[in-house]
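> prediction below, plus the sequence it came from.
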Amino acid sequence: MCIRDRYMGICFSKMGGNWCEWLVRPPTVDYIKYGTCVLCVLGICFLLWRRFSASRVMAHWDRIAAQKRRVRDESLQRTIPGANLESAKRESILRATVPQLRAMLLNDTITSEEILLTFYERAKTVGVQLEMAADFDIDVALTAARKADEERRKATDRNSLPPLHGIPISVKDCFTQAGLDSTCGFASRCFKPFQSDGALVEILRANGAIPFVRGSVPQGVFTIENMNNIFGRSKNPYNTLRTTGGSSGGDAGLVSISAAPFAIGTDVGGSLRAPALFCGVFAFKPTANRGTSLGVNYWTPTGKSSQPALKSSFGPIGRSVEDLVIGMRVLFSSYTYKRDLSIPPLPWSEENFKARSDKRRIGYVLGDDFLPISKANRRAVEEAAAGFKKLGFDVVEVKLPNLEQLTLCYFALVTSEGRMRTFKQGLLGERMMKEYELTKTLTHLPKWVRGLIPFFLRLKGENRLAKISGVTGEKTAAEYCDWAQVMQVEQDKFHKVWNDLQLDGLILPGLATPPFQHGKASSLVVTSLYAFITNLLDLPTGVFPMTTVRPGEDIYDNSDCPVNDKIKHDMAAAIRGTENLPVGVQIVTKPFEDEKCLQLMQELETIIKKIDPPRI
């Protein structure tokens, strides 16, 4: 027997038959080409199957979203006996601040039920039309309002009633509330109501508040524009072609249009403050570790925050500084510290709130070369500084030495998870809003490709985008720790500036622009950097609506910005046509000096004329 090598295997010589000859005969079919074609066809079929399956899943969640909205709208068609108030009285309710509503209640001028129904009528019409309202709890709210009226009638000392007793309020969609969904803008969380209130809603109810409407949020509560596939895109009441801001845009919008007198929202990167600035209302972000986070449903599978370095704050939105003061008395009440054992027991201090020193110094920041602000935003800072000077404060301009580094640190930390992992877990195949497409693309690129992007951006002269893209994306545990150290170093630099100047407070620009057009959140997220930094520094920060854009201030030219890149062009386009839109400032104090921050805002309120509410 002889053995010889032939083709791909070991073949034997003939042994009395033709079968071995067949084995060694060159094949008449090219199996390599055939196999390649089969694999290609199978691969295409697999991709088509995945695309078809993804489309089916998206269509499923689209139907769920539409069903959720339809169920809500049908529930609003029910006839509820109205308050039957004369128009003047109804207008006085809609324009009243929380202290004014409380005074009306204590004087028997109005009842809680009448206040509730007046705001409910406004919320279910204008609030739904502008896509600000996510959900309603009117039946439970009516029961609570009637109970509050009965309690007030029987009270021997009405002034001892809780601060929000009988006041209807809005709460953000991501708060846990009995009998209602907390969608976080995800269709996958529709029709999954919670069985009981979370801690924050408990605290509000314990202090007399009546939650009756829930403000809409962005998909995933993850951007500065309010839009999702369930409740739509929130429209700015001053100009419906522009955004309310996010992520508390629904609640800020409801307060702005008098569909709720007071609201509670969250803030991890300007989420309270950007909407308040865009909608012309007041808001307050307290020191993060002083208030509770229990009862907040995040977009993650566990409902807990995935950002240990960036702590969320929870604060009020109102139409006056006194609204915010009442809100913080509630959120810093003794009930909070009984409910949450993880935070230091630092309740609200009336003594600190009323304390005044003889000599006080306020700093102000007129922007930064990394991101110069619009003319209107600059004027707002100047007017706030002039107001404090008129009040007798020593006023000094401050140049922050590390604004750029603080901004890059924020982007590095907030995108460190990479590939939008927990966000996609919340989507469960739902259609992603287009505002996230750029983030999705950048975070899904391989690390070596992401490393090349800054190089090519610099070749095009896009130095700011190059710096931001260079720090954006997935981090290892070691890289995350490195950036956490950078954050602490930058905090130390800021504290040194503060102490060297012996500041009592600081005026920061609100955002870099007035409200921008719908769909621009992805390209204009950097305009929130003046809000980002106070989250990194964990500073109590209040929003004060100062003024509106004047004729000639809707231009962003070369004198405003020393660089010429995409960010500048996008900002110029956003600022164009913003005449009469609101702009404001941020008032900042040291960590845990929340009372002082509100005190400074209250003093400024005495000499600054309030901007006109939207005519809608």
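Structure's in. What do you need? Residues are numbered from 1 along each chain as shown.

> next, the contact list for residue 395, please.
Taking CB atoms under 8 Å, 6 or more residues apart in numbering as the contact definition, residue 395 lies against 361, 362, 363, 364, 385, 386, 388, 389. Quick note: C-beta positions are derived from backbone N, CA and C, even for glycine.

> just these: which are in helices?
Mapping those onto helices (DSSP state H) picks out 385, 386, 388, 389.

> among these, which pair sits farthest apart?
386 and 388 (7.5 Å; CB to CB).

> more crowded one of these two?
Comparing residue 386 with residue 388 by other CB atoms under 10 Å, the one with more neighbours is residue 388, at 24 against 14.

> ok, and the closest non-adjacent residue to the more buried one?
The shortest distance from residue 388 to any non-neighbouring residue, by CB to CB, 6 or more residues apart in numbering, is to residue 362 (4.6 Å).

> surely the one you found is in contact with residue 507?
Yes. If you go by CB atoms under 8 Å, residue 362 and residue 507 touch, sitting 6.4 Å apart.

> can you tell me which helix in the protein is longest?
helix 31-75.

> just give me the residue right at the centre of the chain.
By CA atoms, centre = their mean, the chain has its centre lying nearest to residue 247, at 2.4 Å.

> so who does it touch?
172, 217, 218, 221, 222, 223, 224, 226, 265, 266, 271, 275.

> then residue 249?
132, 215-218, 225-226, 234, 243, 274-275, 278-279.

> against residue 462, how distant is it?
The gap separating residue 249 from residue 462 is 29 Å, by CB to CB, to the nearest Å.

> same deal with residue 231?
Applying CB to CB to residue 231 and residue 462 gives a distance of 35 Å.

> tell me which of these two has more neighbours.
Taking other CB under 10 Å, residue 231 and residue 462 do not tie; residue 231 has more neighbours (26 against 20).

> residue 417: what's it in contact with?
Residue 417 neighbours (CB under 8 Å, 6+ apart): 306, 474.

> in the stretch 401-550 of the chain, which spans are helices?
For the stretch 401-550 of the chain, the helices defined by DSSP state H, counting those that start in this stretch cover 403-414, 421-427, 437-444, 447-459, 463-471, 477-501, 521-524, 529-536.

> show me where pLDDT drops low in the chain?
1-30, 83 (pLDDT under 70).

> ok, now with 50
1-15, 22 (pLDDT under 50).

> go ahead and confirm residue 571 touches residue 527.
Yes. Look at residue 571 against residue 527 with CB under 8 Å: they come within range, at 6.6 Å.

> only whichever of the contacts of residue 395 are buried, select them in PyMOL.
Here is the PyMOL command that selects the buried residues among those (16 or more other CB atoms under 10 Å):
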select buried, resi 361+362+363+364+385+388
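
> pick out the most distant pair among the contacts of residue 395.
361 and 386 (15.1 Å).

> what sits against residue 197?
176, 177, 178, 205, 295.

> helix, strand or coil for it?
With DSSP: H, G, I helix; E, B strand; the rest coil as the basis, the three-state label of residue 197 is coil.

> distance check, it against residue 183.
In terms of CB to CB, residue 197 sits 17 Å off from residue 183.

> skip the chain neighbours and tell me the closest residue to residue 325.
Per CB to CB, 6+ apart, closest to residue 325 is residue 598, 5.3 Å.

> can you give me phi and psi for that neighbour?
Here is the backbone geometry of residue 598 (degrees, to the nearest 10): phi -70, psi -30.

> residues near it, how many?
Residue 598 has 27 nearby residues by other CB under 10 Å.

> what do you get for the one 5 residues further on?
Around residue 603 there are 19 other residues, counting by other CB under 10 Å.

> which neighbours do residue 362 and residue 507 have in common?
In contact with both residue 362 and residue 507: 385, 388, using CB under 8 Å, 6+ apart.

> test my guess that residue 564 contacts residue 463.
No. Residue 564 is beyond contact range of residue 463, at 10.3 Å (criterion: CB under 8 Å).

> of these two, which one has the most company?
Higher neighbour count among residue 564 and residue 463: residue 463, with 15 against 11, using other CB under 10 Å.

> how about the strands in the stretch 251-400 of the chain?
263-267, 282-285, 313-318, 361-364, 394-397 (DSSP state E, counting those that start in this stretch).

> what pairs with the second one, parallel or antiparallel?
When you say that, I think you mean strand 282-285. strand 313-318 (antiparallel), strand 541-548 (antiparallel) (DSSP bridges).

> tell me which of those strands sits most buried.
Among the strands paired with strand 282-285, strand 313-318 has the highest mean neighbour count (mean count of other CB atoms under 10 Å), at a mean of 27.

> what does that one contact?
97-98, 200, 248, 251-252, 255, 261-268, 272, 275-276, 281-288, 291-293, 296, 323-324, 326-328, 331, 535.

> same thing but 6 Å
The list of residues contacting strand 313-318 from outside it, by CB atoms under 6 Å, 6 or more residues apart in numbering, reads 251-252, 255, 262-267, 272, 276, 281-286, 288, 291, 324, 327.

> ok, now stretch 96-116?
Outside stretch 96-116, the residues that reach it (CB under 6 Å, 6+ apart) are 83, 93, 141, 145-146, 148-149, 158, 166-168, 261-262, 319-320, 322-323, 326.

> just the buried ones from the residues you listed?
Using 16+ other CB under 10 Å, the buried members of the contacts of stretch 96-116 are 83, 93, 141, 145, 148-149, 158, 166-168, 261-262, 319-320, 322-323, 326.

> tell me the contacts of the residue nearest to residue 512 when sequence neighbours are not counted?
Nearest residue to residue 512, sequence neighbours excluded (CB to CB, 6+ apart): residue 527, at 4.0 Å. Listed by CB under 6 Å, 6+ apart, the contact partners of residue 527 are 511, 512, 513.

> if we can go back for a sec, identify the contacts common to residue 571 and residue 527.
residue 513.

> how about residue 169, phi and psi?
Torsion angles, degrees, to the nearest 10, at residue 169: phi -140, psi 170.
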